[in-house]
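Novice: prediction below, plus the sequence it came from.
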Amino acid sequence: MLLAAMEKQGTTIQVKQNIRPSKLIKDLADLGYQNVQIATPAKEGEFARRGNLIDIWLERYKMPVRIDLIGETIENIYLFNYLTQQKIKNLKEVYIVPFGVTPKIAPAWTRKKAFPSSGGKYERLFLSEIAPGDLVVHIDHGIGRFVDINQTSLAAPRQYLVIEYAKGDKLYVPVEQIERVTKYIGVGGYKPRLNTLGTGGWEKVKARVQESIIKAAQDLLNLYAKRELTKRHPYSADTLWQKQLEDSFEFVETEDQLKAIEEIKQDLENPKPMDRILVGDVGFGKTEVAIRIAFKIVQEGKQVAVLTPTTLLAEQHYHLFRQRLREFPVEVQMLSRFKREEEQRKIIANLKIGKIDIIISTHRLLSNDVEFKDLGLFIIDEEHRFGVVHKEKLKGLKTNVDVLSMSATPIPRSLHMALTKLRDMSVLKEPPPGRQPIETFIGELDNQKIKSAIEAEIKRNGQIYYVFNKVSGIVNKAAEVAKLVPKAKVVFAHGQMTGNELESVMDKFYSGRADVLVCTTIIGSGLDMPSVNTIIIEGVQRFGLAEVYQLRGRVGRSSRAAYAYLFYPQGYIPAGDVLERLLALSSAKELGAGFALAKKDLEIRGAGNLLGFAQHGNISLVGFELYLQLLSQTVEKLRLRI
């Protein structure tokens with residue numbers, strides 16, 4: 001069915017129009033919108049009525065539309081902020097099409113049909129969508145602004161994407177050529193100029209970017225070419241010990257876990273060194289996969305290094321690895337600032353002579369004085385948390401050992417290296433049995449809500465994280481919380497404490513002798529405490545999307561209901577990127593949303609320092625998706641020459 005024919009089934013409503021609310025609700029339901037019976041709809045295709053207000057979330061807008069009636073007269077129509085209820089923009093009228101027919105444009109590399117022959121709905125997408133007003137890039141003509149989809153009234157009707165360029169010029173792209181159009185995603189809020197049609201300027205820009213891409217791809221491929229040429233002795237098939245370890249797992253593995261383990265074992269039984277990224281949402285079982293693979297390596301007389309971004313996570317991995325491998329003759333040690341200097345020297349010496357099988361460490365492991373007798377596997381937890389210097393050291397180590405990187409919200413670099421076939425990827429999409437989504441509340445700081453949340457968690461014998469990311473004020477904040485909830489036992493922790501102080505506090509909290517841990521973001525990576533099922537984050541507007549998602553993932557790691565309270569200051573009005581982040585978090589309620597959230601994070605904050613090269617300017621010139629398309633093509637051509 002053609003778009004124009006479907007749009008005739010829609011309805012237009014205008015300010016001062018007379019309409020019975022019951023009829024409008026019936027019309028919305030007939031057009032495919034779902035009545036969710038709440039004051040504000042949570043996602044596209046939903047509407048809700050509250051008294052004289054009717055809120056609708058249309059696909060064409062990034063925020064809901066509110067219809068304000070007085071009796072049977074439409075007094076106002078406006079876009080409003082879903083989180084704050086603030087009016088954003090007045091509208092004179094709004095055209096409501098059947099849900100699902102707003103055009104969605106697929107990325108060029110997907111090569112999928114964007115229009116069905118009978119997704120009457122447009123196809124739902126892999127990576128980006130466009131709506132009227134969005135910037136897009138045509139591979140032959142450059143950056144323009146998407147206007148709409150038009151249909152000619154000729155004898156043989158065709159549909160066209162209308163793209164506006166500089167000086168008001170318009171380009172009409174037949175829908176059959178939709179793969180030549182990508183959404184524009186830039187870097188760091190950069191706003192590009194629209195290109196001018198017919199001047200040749202776009203071709204010059206594209207040629208300059210292509211030249212830079214070739215160099216970046218060559219540098220990158222040199223690293224991977226070394227890996228291709230490097231051969232090592234293939235690892236043996238599973239032993240009886242391996243089966244014994246895996247059978248001792250006290251939980252039921254998900255299908256995704258079993259598949260990922262099998263994929264990694266196949267890599268290891270191949271003579272080419274492995275470089276695989278394991279993507280799994282928080283609490284989806286990445287660590288168990290890592291333990292099983294590490295044990296497989298150790299049984300062949302090789303050493304395993306596990307690199308973590310924080311001291312607390314190193315401590316937790318250390319205890320978990322030791323507990324899981326306690327029945328086997330495997331020496332597991334930890335290297336971090338929790339260890340005294342003399343202990344560190346002893347561990348490093350034993351590592352060099354092979355007395356340690358598995359070493360778990362922070363970036364201390366990348367120091368020049370650390371040597372291995374025979375390193376076989378490098379496991380990197382949350383690689384994006386390490387700095388440039390550490391990544392360069394990692395790059396050198398990666399050329400001749402197997403590498404397994406793990407991430408809950410893969411950064412764009414890792415994600416797209418996988419998409420460009422430079423790294424293999426295993427994805428854990430299934431939640432463990434019994435896991436529940438985290439109930440998330442977003443709003444202004446409210447002491448009464450904080451008090452109620454803490455008291456409710458304590459009442460069910462649970463514990464609470466209170467994230468306050470200012471070291472200078474954390475003592476006072478802990479005192480405030482203790483005063484607010486007198487019966488709560490409150491402790492605090494931050495990254496500037498000495499090893500002994502931090503270890504003492506965390507031991508008190510782990511053992512249940514404290515109810516509330518007021519802390520900085522040191523808890524943000526991988527900490528697993530099933531008894532903590534409420535998290536309160538103050539100043540959420542200052543955090544990145546992936547960071548908040550990681551923090552929220554510290555709760556809900558059991559079958560109990562979990563709650564996250566994300567507060568911004570009183571009087572603060574989220575806007576721009578902050579609003580986008582909070583909207584994304586409020587919609588990412590379902591289990592396993594981390595992978596999709598990483599893509600959204602890319603769109604909100606831009607492409608970042610892609611591939612470790614200074615490519616910001618080039619990405620801004622052509623947009624991230626076209627840049628990736630050109631990079632992918634270049635990599636493929638260069639790979640054929642190796």
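Specialist: Received it, and whenever you're ready, just let me know what you need.
Novice: where in the stretch 451-600 of the chain is pLDDT low?
Specialist: Low-confidence segments of the stretch 451-600 of the chain, defined by pLDDT under 70, are located at 525-527, 587-600.
Novice: now the helices for it?
Specialist: 474-484, 499-510, 545-552, 576-587, 594-605 (DSSP state H, counting those that start in this stretch).
Novice: ok, and which of those helices has the densest surroundings?
Specialist: Most buried of those, by mean neighbour count (mean count of other Cβ atoms under 10 Å): helix 545-552, with a mean of 24. Where C-beta positions appear, they are placed from N, C-alpha and C, glycine not excepted.
Novice: nearest to residue 247, out of the helices of the stretch 451-600 of the chain?
Specialist: Residue 247 lies closest to helix 499-510 among these, at 27.8 Å (Cβ to Cβ).
Novice: how does this protein divide into domains?
Specialist: 3-96, 108-183, 240-428, 438-590 (automatic domain parsing).
Novice: the ones you listed: which one's closest to residue 635?
Specialist: Here domain 240-428 is closest among the domains of the chain (Cβ to Cβ), at 5.3 Å.
Novice: and the end-to-end length of the closest one?
Specialist: Using Cα to Cα, to the nearest Å, the end-to-end distance of domain 240-428 comes to 26 Å.
Novice: same deal with stretch 323-335?
Specialist: Stretch 323-335: ends 17 Å apart by Cα to Cα.
Novice: and that stretch, what's buried?
Specialist: 324-325, 330-335 (16 or more other Cβ atoms under 10 Å).
Novice: what do you get for stretch 14-31?
Specialist: For stretch 14-31, by 16+ other Cβ under 10 Å, it's 15, 19, 21, 24-25, 28, 31.
Novice: residue 557: which of those is nearest?
Specialist: For the buried residues of stretch 14-31, the nearest to residue 557 is residue 28 (39.3 Å; Cβ to Cβ).
Novice: shouldn't the closest one be in contact with residue 45?
Specialist: No - Residue 28 is beyond contact range of residue 45, at 10.1 Å (criterion: Cβ atoms under 8 Å).
Novice: picking that back up, of the buried residues of stretch 323-335, which belong to strands?
Specialist: 332-335 (DSSP state E).
Novice: of these, closest to residue 315?
Specialist: Out of those, the member with the shortest distance to residue 315 (by Cβ to Cβ) is residue 334, at 6.8 Å.
Novice: ok, the closest one - contacts?
Specialist: Applying Cβ atoms under 8 Å, 6 or more residues apart in numbering, we find residue 334 in contact with 314-315, 318, 347, 359-361.
Novice: next: residue 14.
Specialist: With Cβ under 8 Å, 6+ apart, residue 14 has these contacts: 74, 77, 92-93.
Novice: which PyMOL command selects the buried ones in the residues you listed?
Specialist: To isolate the buried ones among these in PyMOL, judged by 16+ other Cβ under 10 Å, type:
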select buried, resi 74+77
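Novice: okay, now the unreliable bits of the stretch 301-450 of the chain?
Specialist: 384, 387-389, 391-392, 395-399, 409-422.
Novice: after the longest helix anywhere in the chain comes which helix or strand?
Specialist: Across the chain, the longest stretch assigned as helix under DSSP state H is helix 201-229. As assigned by DSSP states H and E, the chain's next helix or strand after helix 201-229 is helix 240-247.
Novice: tell me how far the helix or strand following that next one is from the chain's mean position?
Specialist: Reading on from helix 240-247 to the C-terminus, the next helix or strand found by DSSP H and E is helix 255-268. Chain-centre distance of helix 255-268: 22 Å, with Cα atoms, centre = their mean, to the nearest Å.
Novice: rewinding a little: need the max-distance pair from the contacts of residue 14.
Specialist: 74 and 92 (10.5 Å).
Novice: measure the nearest residue to residue 383 once chain neighbours are set aside to residue 516 for me?
Specialist: Closest residue to residue 383 apart from its sequence neighbours, by Cβ to Cβ, 6 or more residues apart in numbering: residue 405 at 4.9 Å. Using Cβ to Cβ, to the nearest Å, residue 405 is found at 34 Å from residue 516.
Novice: check residue 44 too.
Specialist: 38 Å.
Novice: for the two, indicate the residue with more neighbours.
Specialist: residue 516 (26 against 18; other Cβ atoms under 10 Å).
Novice: does that one touch residue 468 like I think?
Specialist: No - contact criterion Cβ under 8 Å: residue 516 and residue 468 do not qualify, at 11.1 Å.
Novice: now, which of the buried residues of stretch 323-335 sits nearest residue 430?
Specialist: residue 324 (20.9 Å).
Novice: what is the burial count for residue 311?
Specialist: Residues near residue 311, counting by other Cβ under 10 Å: 23.
Novice: what is the longest strand along the chain packed up against?
Specialist: Longest strand in the chain by number of residues (criterion: DSSP E): strand 142-151. Secondary-structure packing of strand 142-151 (3 or more Cβ pairs under 8 Å, 6 or more residues apart in numbering; DSSP states H and E): helix 3-7, strand 135-138, strand 159-164, strand 170-174, helix 201-229.
Novice: coming back round to it: I'd like the buried residues of stretch 323-335 laid out as TSV, including distance to residue 552.
Specialist: Formatted as TSV, these follow (distance: Cβ to Cβ, whole Å):
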residue	distance to residue 552
324	26
325	30
330	34
331	36
332	30
333	32
334	27
335	30
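Novice: in these, find the pair that's most separated.
Specialist: 324 and 335, at 19.3 Å, using Cβ to Cβ across these.
Novice: before we move on, back to that, the domains of the chain into JSON lines, with extra columns for distance to residue 229?
Specialist: Output for the domains of the chain, formatted as JSON lines (distance: least, Cβ to Cβ, whole Å):
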{"stretch": "domain 3-96", "distance to residue 229": "48"}
{"stretch": "domain 108-183", "distance to residue 229": "28"}
{"stretch": "domain 240-428", "distance to residue 229": "9"}
{"stretch": "domain 438-590", "distance to residue 229": "34"}
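Novice: which among those domains is found nearest to residue 204?
Specialist: That would be domain 108-183 among the domains of the chain, by Cβ to Cβ, at 10.4 Å.
Novice: mean confidence score for the closest one?
Specialist: Mean per-residue pLDDT for domain 108-183: 70.
Novice: again with stretch 271-291
Specialist: pLDDT averaged over stretch 271-291 gives 87.
Novice: chain center to it, what's the gap?
Specialist: 16 Å.
Novice: what about stretch 467-487, how long is it end to end?
Specialist: Termini of stretch 467-487 sit 20 Å apart (Cα to Cα).
Novice: residues contacting that stretch, please?
Specialist: 447, 450-451, 454-455, 458, 466, 488, 490-492, 494-496, 516, 518-521, 523, 535-539, 542-543, 551.
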